[in-house]
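Colleague: please work out how this folds:
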Amino acid sequence: MLYHIYETQRSLMEPFTDFAQAASKLFSNPVSPLSQTSAAQRMAAGYDLLYRLGKDYEKPAFDIHTVDVDGIGVAIHERIEVNKPFCELRRFKRFSDDPATLTKLKGQPVVLIVAPLSGHYATLLRDTVRTMLKDHKVYITDWKNARLVPLAEGEFHLDDYVNYVQEFIRHLQGQYGNCHVISVCQPTVPVLAAVSLMASRGEKTPLTMTMMGGPIDARKSPTAVNNLATNRSYEWFENNVIYRVPEKFPGAGRRVYPGFLQYTGFVAMNPDRHASSHYDYFKDLIKGDDASAEAHRKFYDEYNAVLDMDADYYLETIQTVFQDYKLVNGTWDVRSPAGKIERVRPQDITATALFTVEGELDDISGSGQTEAAHDLCSGIVRKEQRHLEAKGAGHYGIFSGRRWRDLVYPKVRAFILEHELPRVSEAKPAAAPVTKTTAPAAAVAAPAKAKPKATSPQPKPAVKATPSAATRARGVAQAAAPTAAVATRWVKPEGAAQATGAAAEPVQADAGTAKATTATAAPARSASRSSKARKA
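Modeller: Just a heads-up that it's a prediction; the model follows:
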């Protein structure tokens, strides 16, 4: 009933918000006689603020059309790769007509960014995506507003979230061989479950998992969000925050946790800060500070745009993550698409490197909550685990803004690159497999026991070697030396400093192999460089 009352109130307010917008333009347009009055600026600012407080905020666009790669502008085409009832897997495909840039883009790592389904749209990670596109092939989960999903599509549970993530990982593995996964906030828990289940079945798992500001163990350093979930019962949430979607939407009748209730909770966490921000916006309009006013608009256009979550998913997340702590207690069972019940066992993960990131001032996921993943993933050797605490960063600062770009992203980029396997361009068909060997890079690149010919044998650029377990272990053993920044705290192996140093030489050899492969492949691709535009 509350949802219907809210929609009725919003419909009644719509004419007044439209009037406020028109009045603001009348008092601010130089052509209008009203703009010449003494109180014109204050009237225009007041009406503009009233309009923004009352308007309905729709889903924003990612609006990423170009990125700069080493001074070269690269065009971005956003498209839907996989369309599921409750989620779209979006790809940001990069285009360039510069041959050197194209070659570089084709060999870069593939990254799946799993966006949170916790109230805001995936566009909240716009800055994350834009930054990652400079050095990676980027895909992101774009969760749909539950009120727009018809009832005929069925319910959506936390198990479905886990299964979606597994399906998206397999999709990228089928295209590129493997990928890296980054999860931000809420999805750290289902992503860890998805990779754990894949490992337990013996499936190929991602090369790395990067987990940022998520409630892996919500018992540590509890925040206001954690306290709300623990102080109320499951039945309280079901009876007080779950409502049915009104008839005017495609998902009419679906039980959801409405976006407007989530938004109220967001604002209630820091009401003084939001009130001050809106007052500053009013003063900026009076002063004519267009840059500050536009920055305010951009932030709140994103912050105020919220979506509804399916009730089953929301309630199960509250119970599993914040009340029963099923992941850390080892009692979480997930139903597969085939109906099989499987236990989540993070200790079964052995072939995926782990990097966790926390913000020093995070008031949503407290200190230690994300770092707890290292204790759960006991099957991952310590030299393949890292942790970073971003000094001075809040929850949003670890994936957006200056601290993300200057403190966090360089570490994430280096971690992914360190564990990226040499990969020949997927545009070339693979030839006969190369014999596995532990010889130096130059020997690996040369043909094994080929018969002498009149001409000098050349390495085949299209050959794609499947790295052995030993080779991969050497690749992940190279630990990046910590910088002088106090924001970094690395998880190091116990008494394994010498082993880390010894692994440096094989890693350099593998890097040399990748360079040799790229160099020999360049002549074979030169004939196709007459195209006006190329893809990466």
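Colleague: hey, let's count contacts and neighbours off CA atoms from now on
Modeller: OK.
Colleague: where exactly do the helices run in the stretch 301-450 of the chain?
Modeller: Taking DSSP state H, counting those that start in this stretch as the criterion, the stretch 301-450 of the chain carries its helices at 311-317, 326-329, 373-376, 402-403, 409-418, 441-445.
Colleague: which among those helices is found nearest to Ser38?
Modeller: Relative to Ser38, the nearest member of those by Cα to Cα is helix 402-403, separated by 39.8 Å.
Colleague: residues in contact with the closest one?
Modeller: With Cα atoms under 8 Å, 6 or more residues apart in numbering as the test, helix 402-403 has contacts from 390, 393, 397.
Colleague: cool, and stretch 226-244?
Modeller: Contacts made with stretch 226-244 from outside it, assessed by Cα under 8 Å, 6+ apart, are listed as 1-3, 218, 252-258, 261, 311, 315, 318-319, 322-323.
Colleague: would you put the C-alpha positions of stretch 351-364 in PDB?
Modeller: As requested, C-alpha coordinates have been extracted for stretch 351-364 and formatted as PDB (Å, rounded to 0.1, in the frame of the first residue of the first chain):
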ATOM      1  CA  ALA A 351      44.200 -21.400  -8.900                       C
ATOM      2  CA  THR A 352      42.800 -17.800  -8.400                       C
ATOM      3  CA  ALA A 353      44.900 -15.000  -6.900                       C
ATOM      4  CA  LEU A 354      43.100 -12.800  -4.300                       C
ATOM      5  CA  PHE A 355      43.300  -9.000  -3.800                       C
ATOM      6  CA  THR A 356      41.200  -7.200  -1.200                       C
ATOM      7  CA  VAL A 357      40.700  -3.400  -0.900                       C
ATOM      8  CA  GLU A 358      39.300  -1.400   2.000                       C
ATOM      9  CA  GLY A 359      38.900   2.300   2.700                       C
ATOM     10  CA  GLU A 360      40.200   3.700   5.900                       C
ATOM     11  CA  LEU A 361      37.100   5.800   6.400                       C
ATOM     12  CA  ASP A 362      34.500   3.300   5.000                       C
ATOM     13  CA  ASP A 363      31.300   3.700   7.000                       C
ATOM     14  CA  ILE A 364      29.400   1.000   5.100                       C
END
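Colleague: neighbouring contacts of it?
Modeller: With contacts defined as Cα under 8 Å, 6+ apart, stretch 351-364 is touched by 205-213, 223-225, 367-368, 370-371, 373-374, 380, 384-395, 397-398, 408, 412, 415, 419, 476.
Colleague: just the mean pLDDT for it, thanks.
Modeller: Along stretch 351-364, the predicted local confidence has a mean pLDDT of 95.
Colleague: tell me the buried residues in it?
Modeller: Counting neighbours by 16 or more other Cα atoms under 10 Å, one finds that the buried residues in stretch 351-364 are 351-364.
Colleague: give me the distance from it to the chain's centre.
Modeller: Computed by Cα atoms, centre = their mean, to the nearest Å, the chain-centroid distance of stretch 351-364 equals 13 Å.
Colleague: next, the distance between the ends of stretch 138-158.
Modeller: With Cα to Cα, to the nearest Å as the measure, the first residue of stretch 138-158 is 24 Å from its last.
Colleague: what's the neighbour count on Pro150?
Modeller: In terms of burial, Pro150 registers 16 neighbours under the definition other Cα atoms under 10 Å.
Colleague: now swap in the one 10 residues further on and tell me
Modeller: Asp160 is flanked by 18 other residues according to other Cα under 10 Å.
Colleague: and for Ile380?
Modeller: Burial of Ile380 is recorded as 20 neighbouring residues (other Cα under 10 Å).
Colleague: repeat for Val381
Modeller: 19.
Colleague: what about Leu192, distance to His4?
Modeller: Between Leu192 and His4 the distance, using Cα to Cα, works out to 37 Å.
Colleague: the more surrounded of the two?
Modeller: For Leu192 and His4, the more surrounded residue by other Cα under 10 Å is Leu192, and the numbers stand at 24 against 15.
Colleague: quick check, the more buried one in a helix?
Modeller: Yes. Going by DSSP: H, G, I helix; E, B strand; the rest coil, the assignment for Leu192 places it inside a helix.
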